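Trainee: need a 3D model of the sequence below.
(2 chains, ligands or ions: 4)
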Amino acid sequence: MSEAIRIFVPIDAAALSVGAEAVAQAIAREAQARGLAVEIVRNGSRGMLWLEPMVEVETPEGRIAYGPVAGRDVAALFEAGFQSGGAHKLRLGPVDQLDWLKRQQRLTFERVGVTDPLSLADYRAHDGLKGLEKALSLTGAEIVEEVRESGLRGRGGAGFPTGIKWKTVHDAKADQKYIVCNADEGDSGTFADRMLMEGDPFLLIEGMTIAAIAVGATKGYIYLRSEYPHAHTALRRAILKARNAGLLGASVLGSGKAFELEVRLGAGAYICGEETSLLESLEGKRAIVRAKPPIPALQGLFGKPTIVNNVLSFAAVPWILTHGAKAYADYGMGRSRGTLPVQLGGNIKRGGLIELAFGISLREIIEDLGGGTLSGRPIRAVQVGGPLGAYLTAGQLDTPMDYEALAGIKAMLGHGGIVVFDDNVDMAKQARFAFEFCAKESCGKCTPCRIGATRGVELVDKIIAGTERPKNLAVLRDLNKLMTDASLCAMGGLTPMPVMSALNHFFEDFDRPPAERLPLAAE
Amino acid sequence: MVHYPAWDQDEARSIVSGLSHLEGATLPILHALQEEFGYIDPQVVPLIAEALNLSRADVHGTISFYHDFRTAPPPRKIVKLCRAEACQALGCDAVVDELAREHGIVVDEHGGPEKAVVETVYCLGNCALGPSALVEGELLGRVDADHIAALCGARQ
Ligand SMILES: Cc1cc2nc3c(=O)[nH]c(=O)nc-3n(C[C@H](O)[C@H](O)[C@H](O)COP(=O)(O)O)c2cc1C
Ligand code: SF4
Ligand code: FES
Ligand code: FES
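Mentor: Ligands and ions are numbered 1, 2, ... in the order given. Okay, the predicted model is just below:
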């Protein structure tokens, strides 16, 4: 009897959202009806989300991709011999030769879509745990130095050097230290954390464990947003497996060093992505932002020295330890070293996850890889870096993806989300939304944010309605300045970024005769 | 569809005591209660306060801070519709308008425990395949108003 045919059907939530479960079931049914032995592996997604559900079949020529596959296509696919890589109109070719993947530099996402996310054996077979093994042969200070030398900067948005944060926690003296992973991923337009947690959860566990070994922490928490039930399941299962395999627990890989890890769920509050608010939430309180100092590295969770890093920051570390700081730093430009998992969404033909060295231009990503808008209409605005990020014009797209280059045009990279809008967008409405979001999600601690956001909504409404426009535009600019200067955290402090960019780059949307707008508003 | 048992104070007490050993146990307890009963009945506040050595005001404050926690029995079904930027770029606001106009479903309007409700959320991590919705743990991409209305068991 021949060996079972291995067929890969993603279990990533985005793939499931367009029918991957039905496809997996149809394949199982059809194979059984045909008396074929198949092994269906539920892998992560390769990130080509417009091709999901994308099915891969293992053949002697490598893995052949088909997509987007619907349940009703499955019988015809078997008929065409897809189980041995046969021709069919959905056949995309060998996966590693797909242009979209070939153009990337996948370091953090090297295993996502390739392996079975919950198989520790598969993880090891694809270079997993090498970083941790390396770390266990080093002193804490040496691990920290390696991370510092790699140039890795926090991927959560602020871009703070990870090695420096780790050194602070390493040098702090305390009876207890904590490792906290910020998996709140609240920024609209971002999903890389989710894809990583669902597609390669052991990588996050390994990264956090290396951090724990480096600074002498014995307890870690992953603070996960409640909107991610699939990631929650993947993480819980992976942690259980890791514990059973001795990767977590009283003696990490037999080193005698303890590390325990737990997932904690958020409860639908955007502000919990801000690190001090997140710590309050982990402690069981209202998630009110803390004033800094003290910084969490010195007085974090329960007042103890704490590393708080984004999912992607931790997930970059095993590669750095395995291949060396220099190999990582060789990617990138300027002070942005390594790779960035970019998330391309909104009105885009080919959206998904693209991991690339820093420095590629927005235009290459949006036009070459993304293929322009899904609607086929001209691109009018692009928001980069989540709800607190700037709106850019089609003319600004030659800016490279780099922390400093974007800051130079009053924009920010944030968590690497790019959201594309076509020419139907109303930028006054987008500015209004930025305030509305801030008003809803403000923690309420400081007045410029709490009151300012509500004032902002009212002001934009007046401007749209044509009420005392010049005066209200001036007040709006003053309000933005006040919020920027006087807010305690970046929620209130950066809400002016989308607002001001809309106002400065798309002034015509704030200057239309109100009559022209009325039918729109009443729609 | 999820069916929840009626609130049971003894059961609630055992959920609270089963988790009170955790560090920062408040959120895990609240989630566990809501998962069991579909909501968090205010009569549990003193139990949590006592078990975790907190004031009742602290516990109440935590419950009221988070969008997720409900203090009254849940609607028959909750459809979370993303209304953040990437889904806006694909017309989620038009979906909201059409739901109201064609299906009589007003987003974020609760009609009591017998009715389904469509709630606004901001980003479900499915921003390349929007508009997106989350229904009883299942993520949906490329949704439209008819699809959402069907999920609600369309009225009218
Ligand atoms: C309003 C607000 C929301 C934030 N949301 C997130 C988030 O969802 N995920 C995240 O990793 N960082 C978020 N951050 C940044 C964190 O405060 C913090 O900088 C980060 O977790 C540090 O980790 P890193 O250095 O690895 O990026 C947010 C910050 C603010 C002000
Ligand atoms: S800026 Fe807003 S979210 Fe940040 S501390 Fe002030 S009120 Fe809270
Ligand atoms: S759950 Fe966040 S806005 Fe309602
Ligand atoms: S913005 Fe709607 S799923 Fe992310």
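
Trainee: B:Cys123 touches A:Gly189, doesn't it?
Mentor: Yes - using CB atoms under 8 Å, B:Cys123 makes contact with A:Gly189 at a distance of 7.4 Å. The way it works is simple: take the backbone N, C-alpha and C, and place the C-beta from them, glycine included.

Trainee: which neighbours do those two have in common?
Mentor: B:Ala84, B:Ala86 (CB atoms under 8 Å, 6 or more residues apart in numbering or on different chains).

Trainee: pick out whichever of these two has more residues nearby.
Mentor: Counting neighbours by other CB atoms under 10 Å in any protein chain shown for B:Cys123 and for A:Gly189 shows that A:Gly189 has the greater number, 32 against 28.

Trainee: what's near enough to touch the more buried one?
Mentor: A:343, A:345-346, A:383, A:386, A:417-419, B:84-86, B:123, B:127.

Trainee: cool, A:Gly151 as well?
Mentor: Here A:Gly151 is in contact with A:Pro161, A:Ala325, A:Tyr328, A:Ala329, A:Gly332, A:Arg335, A:Arg337, A:Gly338 (criterion: CB under 8 Å, 6+ apart).

Trainee: returning to what we had before: which ones, among the contacts of A:Gly189, also lie beside ligand 3?
Mentor: With CB under 6 Å from any ligand atom as the criterion, no member of the contacts of A:Gly189 is in contact with ligand 3.

Trainee: residues from chain B in reach of ligand 3?
Mentor: B:His67, B:Glu119, B:Thr120, B:Val121, B:Tyr122.

Trainee: rerun at 8 Å
Mentor: Residues of chain B lying close to ligand 3 by CB under 8 Å from any ligand atom are B:His67, B:Asp68, B:Lys80, B:Glu119, B:Thr120, B:Val121, B:Tyr122.

Trainee: list, out of those, those positioned next to ligand 4.
Mentor: For ligand 4, the contacts drawn from the residues of chain B next to ligand 3 by CB under 8 Å from any ligand atom are B:Tyr122.

Trainee: out of the residues of chain B next to ligand 3, which are buried?
Mentor: Listed as buried from the residues of chain B next to ligand 3 are B:His67, B:Asp68, B:Lys80, B:Glu119, B:Val121, B:Tyr122; burial here means 16 or more other CB atoms under 10 Å in any protein chain shown.

Trainee: distance of the second one from B:Asp58?
Mentor: B:Asp68 sits at a distance of 18 Å from B:Asp58 (criterion: CB to CB, to the nearest Å).

Trainee: which element is A:Ser313 on?
Mentor: Assigned by DSSP states H and E, A:Ser313 falls within helix A:311-323.

Trainee: so what pLDDT did the residue nearest the centre of chain B get?
Mentor: Geometric centre of chain B, nearest residue: B:Asp68, 5.2 Å, by CA atoms, centre = their mean. For B:Asp68, the pLDDT comes out at 95.

Trainee: for A:Ala515, same thing?
Mentor: A:Ala515 carries a pLDDT value of 64.

Trainee: same question, A:Pro519
Mentor: Per-residue pLDDT puts A:Pro519 at 51.

Trainee: interface residues of chain A facing ligand 2?
Mentor: A:271, A:274, A:277, A:288-289, A:438, A:441-450, A:453, A:483, A:487-493.

Trainee: and the residue of the stretch 301-450 of chain A nearest ligand 2?
Mentor: A:Cys449 (2.9 Å; CB to the nearest ligand atom).

Trainee: name the nearest residue to A:Glu236, sequence neighbours excluded.
Mentor: Not Glu; residue A:236 is Arg. Nearest non-adjacent residue to A:Arg236, counting by CB to CB, 6 or more residues apart in numbering or on different chains: A:Val263, 5.9 Å away.

Trainee: ok, what's across the strand from that neighbour?
Mentor: When assigned by DSSP bridges, A:Val263 has beta-bridge partners A:Ile222.

Trainee: contacting residues for it?
Mentor: Taking CB under 8 Å, 6+ apart as the criterion, A:Val263 is in contact with A:Tyr221, A:Ile222, A:Leu224, A:His232, A:Leu235, A:Arg236, A:Ile239.

Trainee: isn't the first one up against A:Leu282?
Mentor: Yes - with contact taken as CB under 8 Å, A:Tyr221 and A:Leu282 are classed as touching, separated by 5.9 Å.

Trainee: please name the nearest non-neighbouring residue to A:Pro448.
Mentor: Closest residue in space to A:Pro448, ignoring its immediate chain neighbours: A:Ala486 at 4.4 Å, by CB to CB, 6+ apart.

Trainee: hmm, A:Asp478 and that neighbour touching each other?
Mentor: No - taking contacts as CB under 8 Å, A:Ala486 lies outside contact range of A:Asp478: 11.8 Å.

Trainee: which of these two has more neighbours?
Mentor: Taking other CB under 10 Å, A:Ala486 and A:Asp478 do not tie; A:Ala486 has more neighbours (14 against 11).

Trainee: just to revisit the earlier point, out of the residues of chain A next to ligand 2, which touch ligand 1?
Mentor: When CB under 8 Å from any ligand atom is applied, the members of these adjacent to ligand 1 are A:Ile271, A:Glu274, A:Ser277, A:Val289, A:Glu441, A:Cys489, A:Ala490, A:Met491, A:Gly493.

Trainee: what's the burial count for the second one?
Mentor: Think A:Glu274. Residues near A:Glu274, counting by other CB under 10 Å: 27.

Trainee: with the first one instead?
Mentor: Neighbour count of A:Ile271, defined by other CB under 10 Å: 25.

Trainee: circling back: pull out the buried members of the ones next to ligand 1 among the residues of chain A next to ligand 2.
Mentor: Neighbour counting by 16+ other CB under 10 Å classes A:Ile271, A:Glu274, A:Ser277, A:Val289, A:Glu441, A:Cys489, A:Ala490, A:Met491, A:Gly493 among these as buried.

Trainee: before we move on, back to that, keep only those of the contacts of A:Gly151 that are also close to ligand 1.
Mentor: Of the contacts of A:Gly151, not one also sits near ligand 1 (CB under 8 Å from any ligand atom).

Trainee: narrow those residues to those in helices?
Mentor: Those of these mapping onto helices are A:Ala325, A:Tyr328, A:Ala329, per DSSP state H.

Trainee: in ChimeraX, how would I select the buried members of these?
Mentor: Buried subset of the ones in helices among the contacts of A:Gly151, written as a ChimeraX selection, criterion 16+ other CB under 10 Å:
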select /A:325,328
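
Trainee: could the ones in helices among the contacts of A:Gly151 be laid out in a markdown table, adding distance to ligand 4 and pLDDT?
Mentor: Listed next are those as a markdown table, based on distance: CB to the nearest ligand atom, whole Å; pLDDT from 0 to 100:
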| residue | distance to ligand 4 | pLDDT |
| --- | --- | --- |
| A:Ala325 | 34 | 98 |
| A:Tyr328 | 29 | 97 |
| A:Ala329 | 32 | 97 |
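
Trainee: in JSON lines: the ones in helices among the contacts of A:Gly151, plus distance to ligand 3.
Mentor: Shown next, in JSON lines, are those (distance: CB to the nearest ligand atom, whole Å):
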{"residue": "A:Ala325", "distance to ligand 3": "40"}
{"residue": "A:Tyr328", "distance to ligand 3": "36"}
{"residue": "A:Ala329", "distance to ligand 3": "39"}
